[in-house]
Structures are given as structure tokens and as C-alpha cells.
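Chemist: Please work out how this folds:
(chains A and B)
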Amino acid sequence: MKNATQVFLRRLPLTLIAAIVIWLLLRPAIDTAVAGLAQTLIRSFEYPRVTRLVIEDHRAQMRRTDLRTDSKVPSVSMTEVTFNTIVLLALYLALPRPFSRGQLERLFMGLCVLCLSQSINLLFHVKTLYAMGLGEWSQQNYSDFARNVFGFGRYFTDLPGRFSFPFLIWLGFNWEAIMKMLRVSEDTDGKTVSKRKKKTSKAISS
Amino acid sequence: MNLRDLWQKPEARFLILFLTILGVSFTFVALRQVNDAFVTPYTAVIAQMSGFVLRIFGEKAAVAGCVVSSPRFAVTIYNGCNGLITSLIFISGVLAFPAKISAKLIGVIGGLLTIQLINLVRIVSLFYIGVFLPQHFNDAHIFVWQSLVIIAGISLWIVWAHKFALPRDSS
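Modeler: Residues are numbered from 1 along each chain as shown, chains lettered A, B, ... in the order given. Just a heads-up that it's a prediction; the model follows:
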């Protein structure tokens, strides 16, 4: 029987290519969903509700209804915010039986959590811009504490978040399958036991 | 479910440990003093190494700080492009997973070297993409190479965990 880890690692380059193609096809829908959720979150804590996030050429434009019409419109690259969908898709597709009902359900749940994390990342981008990037208006409307909170939120959801969330989501939703693949199984009382160790001890006792 | 019950679940324990180590390490490298004393010089070393490899390939590459330039193209290596993020995530994964200290040490050292090697290939290849296919530079930089580097880091972690994972009761 083939080693499951080797099969997974062999599949991964192919599933990465497939994931890039799927992401490129779904990109407009993902951009809209992430920006829509981020806009809802921003407006939930905003009075008056003026923020509008409009997707144009894979960038989220921050259009405030209280800005002058001749104002420059700041924007955030949605490619950088949503590219980690590729990683999550590639990891899911490389697992055994990726199109089974259970795996598809896990994939859907994982994508929803990732979408939420991407929306929070976009939210922090927008709030950081409001708190730091609009000159005197930022100074008047946001405290130093708010600037630090939004800055830290943006920093942590940017590179660390974008890079690690797909791995964490994949691992969290597929823990048992991954431990089985790594040949670390769960025994009946929930303790993790290496099959290799079991085999070794059996060989010694016989 | 109380915290003790949650801690008994291996997946929850791994995720809590992983996020804690990740949070602490990223907060640490975000400090200005650490950034000035370690991250920026580290990135400059990566730039020097990239310049060295490009010169081996016959490029007239010059390095100034974190900028690698030649008459044909120039790249600036920022914090996200120096391999540090992937390395920290990989190290967090290794430290959070149940294994012997010696196995973790092997994982950390081997992983760091391999990730840096992959990152070097990434920078050099992006330089040549910038030279020959400049219209595809952004796509290659953001979603192709970043995805590849993350996948490479996760693959390394899987290989390491497969070889060195310990039974929970003996960890």
C-alpha cells in the first residue's frame, strides 16, 4: 500500500495548479463576497454609515459617501487579500477522497472561515487608513489607542494571517484525516498513538 | 466544555500552542528595536545572497541595502519577501507539535535552511520574470510564488511531522 503522506505530497503540485485555475475563475465572486462582508462589518460600527467598498479591477475602492467628488479614492489590492484561497484549495484537494460529501462540507466550512478572516483583514486595512492615512481628519476622529489597535490588527492579519490561516483552517477541520495520513492515529480514549510504534512493539513481543 | 477539556483535545492544544507561539514571535519581530537590529539586517543578507547568485548567472547585479539591481531590472526585498514569515510559521508548527526536543531542533534548523533556499530561488526567478515577462511580475510575485512558498513550508512540516511525530502519552 502506498504511503499516504507520499501520495499527498505527490498530489500537491497538481492540486496547486488546479487551485490557481479555480481561484482565477472564482476571483470576481470571492472579491465581492469578501468586500461585501467587510463593508457590513465596518458599517455595523460606523455612524453615520458612509463606507462603501466597490470592487474595480480586483481592487477594493474605499468610497465614502461624505468624501468630495473630486477626492482621490484609496484602494486595496484584493489579490493580496484573497490569494490564500489558493493554498486552502490546494491542501484540501490533495487529501484522500476530496470530492466525498464529508470533504466537500469541510471545504465549504473552511472557505467560509477563510472568507471571514480575509474580510477582517480588509476591515483592518480600511480602518488603518481612516485612523492614520487621512491627515488631520484621522487625528481628530481616532485616538492613539485606536491607531495602535487597528495598526496591530492590520499587521497581524496581513502577512502572518494570510500565510498561516489556510494551514490552520485545513488542519483544524481535517485533524483526524491528517493525523491518519501522518500515521499518528487516535486510540479509543483519545490519546494519539503512532502506528509505527505499535507495529514495532508488536514485532518485539512476537 | 472547560479549558482543561479543551486542552485534552490534541487538535485544540496544537492550535492554541501554534497561535500562541505565532502571536508572540510576530509581536516580537514587529518591535522597532528587533526590526532595526535583526529583521532589516537579515533582509539585507538575503539581498546580498540573491545578488551573489545573480552574479553567478552572469548578471551585473549590485546590492544596496535591501535593493538588488542590475541594468536590466531591480527588486526590493521587503519583510514579506525575506522568508521570515514562512520560517516563523514553520517553527511555530514544529514547536507546537508533540515531538522530542532533538527532533524539534532538527526540524527548526533543517526547515529554516530549506525555506531560505526556496526563497532564494523565488527571488532569483522573480528577477528574471521581471526581466523577460515584466507584465506578469505582480501575478508571479503575489499569488504564484507566495502560494508556492506557503505550500513548500507546509510540505516541509508534513515531512517533518511524519518522520518525528511522537505518541501523545510519551511526549
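Chemist: contacts and neighbour counts: CA atoms only from here.
Modeler: Noted.
Chemist: can you give me the strands in chain B?
Modeler: Assigned by DSSP state E, chain B shows strands spanning B:62-64, B:67-69, B:74-76.
Chemist: before we move on, what about chain A?
Modeler: So, for chain A - with DSSP E - the strands run A:51-56, A:59-64, A:75-77, A:184-186, A:192-194.
Chemist: For chain B, which of those is the nearest?
Modeler: Chain B sits nearest to strand A:192-194 of all the strands of chain A, at 4.4 Å, using Cα to the nearest Cα.
Chemist: So which other helices or strands are in contact with the biggest helix by length in chain B?
Modeler: Scanning chain B for the longest helix, with DSSP state H as the assignment, gives helix B:101-132. Under the contact criterion of 3 or more Cα pairs under 8 Å, 6 or more residues apart in numbering or on different chains; DSSP states H and E, helix B:101-132 touches helix B:40-56, helix B:84-96, helix B:137-139, helix B:146-164.
Chemist: picking up where we left off before, any chance of JSON lines for the strands of chain A, columns distance to B:Phe127 and mean pLDDT?
Modeler: Below are the strands of chain A laid out as JSON lines (distance: least, Cα to Cα, whole Å; pLDDT from 0 to 100):
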{"stretch": "strand A:51-56", "distance to B:Phe127": "28", "mean pLDDT": "93"}
{"stretch": "strand A:59-64", "distance to B:Phe127": "25", "mean pLDDT": "90"}
{"stretch": "strand A:75-77", "distance to B:Phe127": "22", "mean pLDDT": "92"}
{"stretch": "strand A:184-186", "distance to B:Phe127": "41", "mean pLDDT": "55"}
{"stretch": "strand A:192-194", "distance to B:Phe127": "44", "mean pLDDT": "46"}
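Chemist: From the contact counts, what lies against the helix or strand of chain B with the lowest mean pLDDT?
Modeler: The weakest-scoring helix or strand in chain B, judged by mean pLDDT, DSSP states H and E, is helix B:3-8 (a mean of 79). If you count contacts as 3+ Cα pairs under 8 Å, 6+ apart, helix B:3-8 packs onto helix B:10-30.
Chemist: Phi and psi next, for A:Leu95.
Modeler: Here is the backbone geometry of A:Leu95 (degrees, to the nearest 10): phi -70, psi 160.
Chemist: Out of the helices and strands packed on helix B:101-132, the one nearest A:Trp175 is which?
Modeler: A:Trp175 lies closest to helix B:146-164 among the helices and strands packed on helix B:101-132, at 12.6 Å (Cα to Cα).
Chemist: Just want the angle from the closest one to helix B:101-132.
Modeler: Orientation note: helix B:146-164 sits at an angle of 160 degrees relative to helix B:101-132 (axes from the mean of the first three to the mean of the last three Cα atoms, to 10 degrees).
Chemist: Next, the distance between the ends of stretch B:78-90.
Modeler: End-to-end span of stretch B:78-90 (Cα to Cα, to the nearest Å): 19 Å.
Chemist: which residues sit against that stretch?
Modeler: For stretch B:78-90, contacts defined as Cα atoms under 8 Å, 6 or more residues apart in numbering or on different chains pick out A:159-160, A:163-164, B:22, B:25-26, B:39-40, B:42-43, B:46, B:66, B:108, B:111-112, B:115-116, B:119, B:149-150, B:153-154, B:157.
Chemist: Buried by neighbour count, from those residues: which ones?
Modeler: Those of these that meet the buried threshold are A:159-160, A:163-164, B:22, B:25-26, B:39-40, B:42-43, B:46, B:66, B:108, B:111-112, B:115-116, B:119, B:149-150, B:153-154, B:157, by 16 or more other Cα atoms under 10 Å in any protein chain shown.
Chemist: The closest residue to A:Val54 other than its chain neighbours: what's it in contact with?
Modeler: Nearest non-adjacent residue to A:Val54, counting by Cα to Cα, 6 or more residues apart in numbering or on different chains: A:Gln61, 5.1 Å away. Neighbour list for A:Gln61: A:Arg52, A:Leu53, A:Val54, A:Ile55, A:Val73, A:Pro74, A:Ser75, A:Val76 [criterion: Cα under 8 Å, 6+ apart].
Chemist: Please check those residues and keep the buried ones.
Modeler: A:Arg52, A:Leu53, A:Val54, A:Ile55, A:Ser75, A:Val76.
Chemist: so where's chain B shaky on pLDDT?
Modeler: For chain B, the stretches with pLDDT under 70 are B:1, B:165-171.
Chemist: Spatially central, which residue of it would that be?
Modeler: Most central in chain B under Cα atoms, centre = their mean is B:Thr86, positioned 2.7 Å from the mean C-alpha point.
Chemist: B:Gln48 versus that residue, what's the distance?
Modeler: Between B:Thr86 and B:Gln48 the distance is 20 Å, computed by Cα to Cα.
Chemist: Also A:Leu95?
Modeler: Taken as Cα to Cα, the span from A:Leu95 to B:Gln48 is 39 Å.
Chemist: try A:Ser138
Modeler: A:Ser138 is 39 Å from B:Gln48, by Cα to Cα.
Chemist: Please identify which of these two sits among more neighbours.
Modeler: A count of neighbours by other Cα atoms under 10 Å in any protein chain shown puts B:Gln48 above the other of A:Ser138 and B:Gln48, at 20 against 16.
Chemist: Helix or strand with the lowest mean pLDDT in chain A?
Modeler: Counting by mean pLDDT, DSSP H and E, the weakest-scoring helix or strand in chain A turns out to be strand A:192-194, with a mean of 46.
Chemist: Pull up the residues of chain B that are close to chain A.
Modeler: Chain B has residues B:9-12, B:15, B:22, B:26, B:80, B:85-86, B:89, B:142-144, B:147, B:150-151, B:154-155, B:158-159, B:161-162, B:165-169 near chain A, with proximity defined as Cα under 8 Å from any Cα of the partner chain.
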